[in-house]
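> Would you be able to build a 3D model of this:
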Amino acid sequence: MSADLLHPDPHAVAEGADEEADPELLALPPPPRAQRQLTVILLIVVAQLALAMAFSLRGEASYALTSVTATDVGELYSLNTARVEPNQYVHAHGSLGGALAVRFERPFEADTYRVSPVMGRRDLWVEVRVPSGEEGGRYVPPTTFNGRLVRWSDSGLRHRGLEHAVDSLTSEAIPMDGWLLVDGESPRSARWPLALAVLFAGFAVWSVATMMRLLRRVT
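Numbering: from 1, shown residues only. As a prediction, this is how the structure comes out:
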């Protein structure tokens with residue numbers, strides 16, 4: 001075997017590589033770094049928003065994982081909230097005050113809702129669903145409830161702004177440690193927030209992974 005084949009001339013290899021380079025490829029403009037940077041920034045914003053949405057649904061998502069068997073907490077008027085575990089499914093009974101009741105609606109729902117304080121208390125309120133057509137002056141609220149017992153501050157997206165509206169309409173400020181019993185909301189009916197939280201968290205992970213791939217290509 002010839003020595004030239006075993007030890008090729010490096011200058012000859014370099015010249016051959018230069019000859020194989022495509023002039024059209026060399027003439028192409030460099031990758032659009034500005035567009036890539038804009039994409040990275042957009043992915044960061046999307047990841048932050050998705051994480052914020054998932055975090056805002058944490059309470060409702062965790063409630064969906066609680067026991068489907070309601071805990072009997074007895075009479076609401078005498079309920080000691082200091083001994084109650086928040087964000088749980090409970091069974092309770094009691095009378096609601098009608099003077100401070102606030103009626104509200106939700107988009108795309110024919111039924112209406114009422115939130116009322118427990119008779120004789122201002123720190124404990126109950127939200128009940130009123131079927132369409134039954135709202136009126138003769139409406140009598142129920143006295144037995146099965147639903148989610150939670151602090152007002154942790155009640156979630158569906159109740160955002162409701163506490164402030166109650167304070168404004170009734171001129172009765174809800175205490176900072178106030179509680180809300182959402183009648184009819186069981187852990188099974190609250191599984192949609194869990195699915196949304198998982199979806200937002202997955203979208204945030206995808207955004208971060210895509211961003212990392214773009215950054216690796218830059219380097």
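> What pLDDT is listed against the residue nearest the centre of the chain?
Central residue of the chain (Cα atoms, centre = their mean): residue 57, 2.8 Å from the mean position. pLDDT recorded at residue 57 is 88.
> what's the distance between it and residue 71?
To residue 71, residue 57 is 23 Å away according to Cβ to Cβ, to the nearest Å. (Each C-beta comes from the backbone N, C-alpha and C, glycine too.)
> Where do the strands of this protein begin and end?
Applying DSSP state E to the chain gives strands spanning 71-75, 88-93, 102-105, 112-117, 124-130, 144-151, 179-183.
> Tell me the buried residues in the first one?
The neighbour-count check on strand 71-75 (16 or more other Cβ atoms under 10 Å) flags residue 73 as buried.
> any idea of the angle that strand forms with strand 144-151?
Orientation of strand 71-75 against strand 144-151 (axes from the mean of the first three to the mean of the last three Cα atoms, to 10 degrees) gives an angle of 100 degrees.
> to the chain's geometric centre, what's the distance from strand 71-75?
29 Å (Cα atoms, centre = their mean, to the nearest Å).
> Just checking: what are the partner strands of that strand?
Sheet pairing here is set by DSSP bridges, and for strand 71-75 it gives strand 88-93 (parallel).
> Next, the buried residues of the strand it pairs with.
Residues of strand 88-93 classed as buried by neighbour count (16+ other Cβ under 10 Å): 88, 89, 90, 92.
> likewise stretch 152-160?
Those would be 152, 154, 155, 156, 159, for stretch 152-160 by 16+ other Cβ under 10 Å.
> List just the nearest of those to residue 108.
residue 159 (16.8 Å; Cβ to Cβ).
> Confirm for me that that closest one is in contact with residue 185.
No: applying Cβ atoms under 8 Å as the test, residue 159 and residue 185 come out as separate, 10.6 Å apart.
> Okay, residue 120 and residue 66: tell me how far apart.
Counting by Cβ to Cβ, the gap from residue 120 to residue 66 is 28 Å.
> The helix ranked longest in the chain: which residues count as buried?
Using DSSP state H to assign secondary structure, the helix with the most residues in the chain is helix 191-218. Neighbour-count burial for helix 191-218 flags 193, 194, 196, 197, 200, 201, 203, 204, 207, 208, 211 (criterion: 16+ other Cβ under 10 Å).
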